[in-house]
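Novice: coords below, sequence missing:
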């Protein structure tokens with residue numbers, strides 16, 4: 001990952017599913033009622049391309065290896081703080097949005 005991406009303030013929230021050795025899907029669909037009935041969702045399906053499917057699977061394995069692994073309580077397995085390495089700006093935004101997000105979740 002290059003520094004421009006690593007230091008960016010945006011990201012994507014896509015899901016990737018590898019079905020077998022030559023087909024996969026990348027899309028936005030969540031398995032919930034909101035996605036089923038109200039949201040506009042999209043996906044790209046690819047079948048018949050073993051090399052591309054292998055690249056996608058290799059990328060998934062790389063990200064899993066380099067991800068922070070969480071225990072059943074949602075805390076990092078290695079004992080570090082959940083927001084360790086997060087900038088002050090992003091921590092501040094997280095805590096400012098935590099209360100309204102909790103209230104909105106109750107209303108849903």
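Specialist: Yep, it's here. Remember, predicted model here, so these are calculated numbers, not experimental data.
Novice: domain assignment for the chain?
Specialist: 3-67, 79-108 (automatic domain parsing).
Novice: closest one to residue 73 among these?
Specialist: domain 79-108 (10.3 Å; CB to CB). Any C-beta I mention is one placed from the backbone N, CA and C, and that applies to glycine too.
Novice: which stretches of the protein form helices?
Specialist: Assigned by DSSP state H, the chain shows helices spanning 3-6, 33-37, 50-65, 88-107.
Novice: Make TSV out of those and add mean pLDDT, distance to residue 82 and mean neighbour count.
Specialist: Listed next are the helices of the chain as TSV, based on pLDDT from 0 to 100; distance: least, CB to CB, whole Å; neighbours: other CB atoms under 10 Å:
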stretch	mean pLDDT	distance to residue 82	mean neighbour count
helix 3-6	75	19	8
helix 33-37	77	26	10
helix 50-65	94	18	12
helix 88-107	88	10	10
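Novice: Let's have those helices in CSV, adding distance to residue 15.
Specialist: CSV is the format used below for the helices of the chain (distance: least, CB to CB, whole Å):
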stretch, distance to residue 15
helix 3-6, 19
helix 33-37, 11
helix 50-65, 11
helix 88-107, 21
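Novice: of all these, which lies closest to residue 24?
Specialist: Closest to residue 24 of those, according to CB to CB: helix 50-65, at 5.1 Å.
Novice: Roughly how far does residue 5 sit from residue 19?
Specialist: Shown here: residue 5 relative to residue 19, a distance of 27 Å by CB to CB, to the nearest Å.
Novice: coming back round to it: what's the closest of the helices of the chain to residue 26?
Specialist: helix 50-65 (7.6 Å).
Novice: For the closest one, name the packing helices and strands.
Specialist: strand 15-20, strand 23-27 (3 or more CB pairs under 8 Å, 6 or more residues apart in numbering; DSSP states H and E).
Novice: Sounds good, over and out.
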